[in-house]
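Asks: Coordinates only, no sequence provided:
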């Protein structure tokens, strides 16, 4: 409990934590509201329209876009120890490293989960307000609960993954940048160009957890998104948690083996 | 391990630490007696900091042992109440204030935060209590490091180059500070390459070179009437 309190204090004391939360909330709102014109344009192509529940679900799904900030908070929880050279004080106070890393994983899971739920909640409210001014279909009744639960699982796993990345890449800037490149670019490209494998990667699993029913093909650039073959939400959440477990093991073993300097 | 009247607080037993092909510490054996200030001296790269990191569980020994009261640091149940350490003056979260940095460590170690203000006063940093450490000078960071080391009111202090960044007044302050702590019965192991200063501060001395023990014992015996600097240069074979 002492260590948990210490790690929570580190998080609470830092302005960066609150800045990331504000950014996540803004992204959740902006992504949701700004997706309206895009979906409308797709509706014009008769692929997806706001007069269908699926189309409106897709608008609300954008509220979950803030998960990248849960990842960043996880990365910084670990990498800042090396960036600021506070790892020495941390491991002198608690020499059993497995306890330190386990506690950081727990704190990252709590912070990532909370941040993503708040961000998604703000995005859902923003979407609701924006859509209330338009003549659109009602979303499926389950999506609000589904999306909040999905946001929780995604935030928890992203926070944990962030800690693992922070242990593997001790340079904080490199750790954050490489995480962003992977999750915002490579992972999404793999999901688009290699759907058979991409659906098992985090982006594919996040889409699956939203339980969207989409089949969008962009003829101009030759790829799109068909969620018919994606996993169901619960197996997708389960696989996300397995990712979190694997990354926890990586974080623990990496920290146990290395000298602290 | 401990003998009556000559109790040992810290012991290196044939300690070896290798980094790939480089041997940083090569079979170091030495004992640090309770209640004394022991200087740990050697040229840059002699292996002083590596040996201290092994002692504190931050680096894994290749072989041998580094023990505190007969046990590895990692096995101490409440390490900060047994050992306080200053290893890296920049080791503070720069986004946090001096008080917040200490509070985080207190929380981790289960130590009351009541001591924080007392210690900040002791190291003459009360005025900087609520300032972020980002703006601290090296000397202020060294003083704050000493406050961290004393948080748990430990019996043993391990200090790696604590005089770095201190001006002459700060160095004089540190000398008196360490002597006052030793008079309270604390055991202090202090590494430094400021030999003239060490001569006025320590009771015993351990000299290492290339990771190997060169000499150890009471400073009067090791120096044999010479200054510590002269003896040091003679012992490591670098004298004129």
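Replies: Received it, and whenever you're ready, just let me know what you need. Keep in mind that this is a model prediction, so the values were computed, not measured.

Asks: remind me which residues of the chain are low pLDDT?
Replies: Since no chain was named, I'll use chain A. Along chain A, segments meeting pLDDT under 70 span A:38-49, A:213-225.

Asks: look at chain B instead
Replies: Residues of chain B that meet the cut-off, pLDDT under 70, sit at B:1-6, B:88-90, B:238-240.

Asks: what does it put close to chain A?
Replies: Applying C-beta under 8 Å from any C-beta of the partner chain, we find that chain B lies next to chain A at B:53, B:56-60, B:73-74, B:76, B:79-80, B:83, B:85, B:87-88, B:90-96, B:100, B:103-105, B:107-110, B:148. Every residue, glycine included, has its C-beta placed from N, CA and C.

Asks: State the helix or strand in which residue B:31 lies.
Replies: Taking DSSP states H and E as the definition, residue B:31 sits inside strand B:22-33.

Asks: on contacts alone, who are the packing partners of that strand?
Replies: Here strand B:22-33 touches strand B:8-19, helix B:48-55, strand B:63-68, strand B:187-191, strand B:204-209, strand B:212-218, going by 3 or more C-beta pairs under 8 Å, 6 or more residues apart in numbering or on different chains; DSSP states H and E.

Asks: buried sites along the fourth one?
Replies: Okay, so that is strand B:187-191. By 16 or more other C-beta atoms under 10 Å in any protein chain shown, the buried positions in strand B:187-191 come out as B:187-191.

Asks: of those, closest to residue A:19?
Replies: residue B:191 (39.5 Å; C-beta to C-beta).

Asks: Give me the contacts around stretch A:79-91.
Replies: Identification of contacts with stretch A:79-91 by C-beta atoms under 8 Å, 6 or more residues apart in numbering or on different chains yields A:97, A:100, A:165-166, A:169-172, A:175-176, A:260-261, B:57-58, B:87-88, B:90-94, B:105, B:108, B:148.

Asks: returning to what we had before: by neighbour count, sort out the buried ones in the residues of chain B next to chain A.
Replies: By 16+ other C-beta under 10 Å, the residues of chain B next to chain A give B:53, B:56-59, B:73, B:76, B:79-80, B:83, B:85, B:87-88, B:91-96, B:100, B:103-105, B:107-110, B:148 as buried.

Asks: From residue A:91, how far out is the residue most central in space within chain A?
Replies: In chain A, the residue lying closest to the centroid (C-alpha atoms, centre = their mean) is residue A:67, at 2.6 Å. The spacing between residue A:67 and residue A:91, counted by C-beta to C-beta, to the nearest Å, is 30 Å.

Asks: Please apply the same query to residue B:12.
Replies: Residue B:12 is 20 Å from residue A:91, by C-beta to C-beta.

Asks: Where do the helices of the chain begin and end?
Replies: Let's take chain A. Secondary structure of chain A by DSSP state H: the helices cover A:2-13, A:15-44, A:53-61, A:67-83, A:87-93, A:97-132, A:143-168, A:172-181, A:187-193, A:195-198, A:202-209, A:233-257.

Asks: my question was about chain B
Replies: Along chain B, the stretches classed as helices by DSSP H are B:48-55, B:79-82, B:98-109, B:115-122, B:138-150, B:168-183, B:195-201, B:219-223, B:228-235.

Asks: most packed of those helices?
Replies: Of all those, helix B:48-55 carries the top mean neighbour count, a mean of 25, counting by mean count of other C-beta atoms under 10 Å in any protein chain shown.

Asks: ok, residue 179 - contacts?
Replies: With no chain named, the answer covers chain A. A:71-72, A:75, A:162, A:165.

Asks: Sorry, I should have been clearer: chain B.
Replies: Counting by C-beta under 8 Å, 6+ apart, residue B:179 makes contact with B:37, B:201.

Asks: Name the nearest residue to residue B:116, ignoring sequence neighbours.
Replies: residue B:102 (4.7 Å; C-beta to C-beta, 6 or more residues apart in numbering or on different chains).

Asks: so who does residue B:119 touch?
Replies: With C-beta under 8 Å, 6+ apart, residue B:119 has these contacts: B:102, B:147, B:150-151.

Asks: how close does the closest residue in space to residue B:79 that isn't next to it in sequence sit to residue B:188?
Replies: Spatial nearest neighbour of residue B:79, chain neighbours left out: residue A:95 (5.8 Å); criterion: C-beta to C-beta, 6+ apart. To residue B:188, residue A:95 is 21 Å away according to C-beta to C-beta.

Asks: Around chain B, which positions in chain A sit nearby?
Replies: A:2-3, A:5-6, A:9-10, A:13-16, A:80, A:84-96, A:259-261.

Asks: Restricted to buried residues, select the residues you listed in ChimeraX.
Replies: ChimeraX command restricting the residues of chain A next to chain B to the buried ones, with burial defined by 16+ other C-beta under 10 Å:
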select /A:2,3,5,6,9,10,13,14,80,84,85,86,87,88,89,90,91,92,93,94,95,260
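
Asks: ok, and what's touching stretch B:38-46?
Replies: With contact meaning C-beta under 8 Å, 6+ apart, stretch B:38-46 is reached by B:32, B:48, B:51-52, B:187-193, B:195, B:198, B:201-211, B:214, B:219, B:228, B:232, B:236, B:238.

Asks: just stretch B:224-239 next, same as before
Replies: Contacts of stretch B:224-239 (C-beta under 8 Å, 6+ apart): B:39, B:41-43, B:195-196, B:198-199, B:205, B:207, B:209, B:214-215, B:219, B:222-223, B:240.

Asks: again, 10 Å this time
Replies: B:39, B:41-43, B:46, B:193-200, B:202, B:205, B:207-210, B:214-215, B:219, B:222-223, B:240 (C-beta atoms under 10 Å, 6 or more residues apart in numbering or on different chains).

Asks: How about the contacts made by residue B:207?
Replies: The contact partners of residue B:207, by C-beta under 10 Å, 6+ apart, come to B:30, B:39-43, B:46, B:48, B:195, B:213-217, B:222, B:228, B:231-232, B:235-236.

Asks: Would you mind listing the residues in contact with the residue nearest the centre of chain B?
Replies: Centroid-nearest residue in chain B: residue B:159, 1.7 Å away (criterion: C-alpha atoms, centre = their mean). Contact analysis of residue B:159 by C-beta under 10 Å, 6+ apart lists B:37, B:40, B:52, B:84-87, B:142, B:145-146, B:149, B:174, B:178, B:188-192.
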